[in-house]
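**Student:** From the sequence below, what's the structure:
(one chain, ligands or ions: 2)
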Amino acid sequence: MNNDMLLEVSGLVKYFPAGGDWFAQMFDRRRIKAVDGIDFIIYKGSTLGLVGESGSGKTTTGKVIARLIEPTAGQVRYADDDLAKIKRGQLKRMRRRIQMIFQDPSTSLNRRKTAGQIVSEPLLIHKLARRKELEARLVKVMDLTAIPTRCPAASARGSASPAPWL
Ligand SMILES: Nc1ncnc2c1ncn2[C@@H]1O[C@H](COP(=O)(O)OP(=O)(O)OP(=O)(O)O)[C@@H](O)[C@H]1O
Ligand SMILES: [Mg+2]
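**Tutor:** Ligands and ions are numbered 1, 2, ... in the order given. You can find the predicted model right below:
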């Protein structure tokens, strides 16, 4: 891995069990080959678009890179770390830098929470703000978006359909 590289994926494989509960899986060794040996490099300052038909493994690739699921085989190197091998503490630090932005906000945002609560959560989890200063930080960030902090997440999603209670 040289200095211009940010992320290097090599020989990445992810198989899922073909279905059923653990008992059914003992007898049925078939696997869904979601990702079957892919290699790519993302260089610093560049953008990579992964394009393919539905079910070709794009989301699975993203989930393995973010360590939301474990790979069956292969390596994911970020800067100088092998992401498949880093420990819990390091993983939390890594998650400040590698994140998923899910396609469908109506299923990825918790409709019971306000937009402010959702934006606060990572600041607290990653200890980027203390509770005392949270509100000031939040107001600053939310000002950039013009979404009121008390707005229910369901209506902050910017889609055509409004929240059911509005
Ligand atoms: N948790 C899982 N258990 C079993 N099979 C899975 C699981 N997640 C994904 N798959 C299967 O792996 C394959 C790849 O799915 P994936 O969601 O990565 O595709 P995709 O390229 O993101 O598709 P789309 O364009 O529809 O979002 C599909 O056959 C899918 O059904
Ligand atoms: Mg997908």
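**Student:** Where does the record place the domain boundaries for this protein?
**Tutor:** 1-100, 103-158 (automatic domain parsing).
**Student:** Including mean neighbour count, distance to ligand 1 and mean pLDDT, could those domains go into TSV?
**Tutor:** Where you see a C-beta, it was placed from the backbone N, CA and C, and this is true even at glycine. Listed next are those as TSV, based on neighbours: other CB atoms under 10 Å; distance: least, CB to the nearest ligand atom, whole Å; pLDDT from 0 to 100:
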stretch	mean neighbour count	distance to ligand 1	mean pLDDT
domain 1-100	13	3	90
domain 103-158	14	7	80
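**Student:** Is Glu135 within a helix or a strand, and which one?
**Tutor:** Assigned by DSSP states H and E, Glu135 belongs to helix 131-145.
**Student:** ranges for the helices of the protein?
**Tutor:** Ranges of helices in the chain, per DSSP state H, are 22-27, 58-65, 88-94, 105-108, 115-125, 131-145.
**Student:** Format these as JSON lines; extra columns: distance to Gly49.
**Tutor:** JSON lines is the format used below for the helices of the chain (distance: least, CB to CB, whole Å):
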{"stretch": "helix 22-27", "distance to Gly49": "35"}
{"stretch": "helix 58-65", "distance to Gly49": "10"}
{"stretch": "helix 88-94", "distance to Gly49": "22"}
{"stretch": "helix 105-108", "distance to Gly49": "20"}
{"stretch": "helix 115-125", "distance to Gly49": "25"}
{"stretch": "helix 131-145", "distance to Gly49": "25"}
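**Student:** Brilliant, that's me finished.
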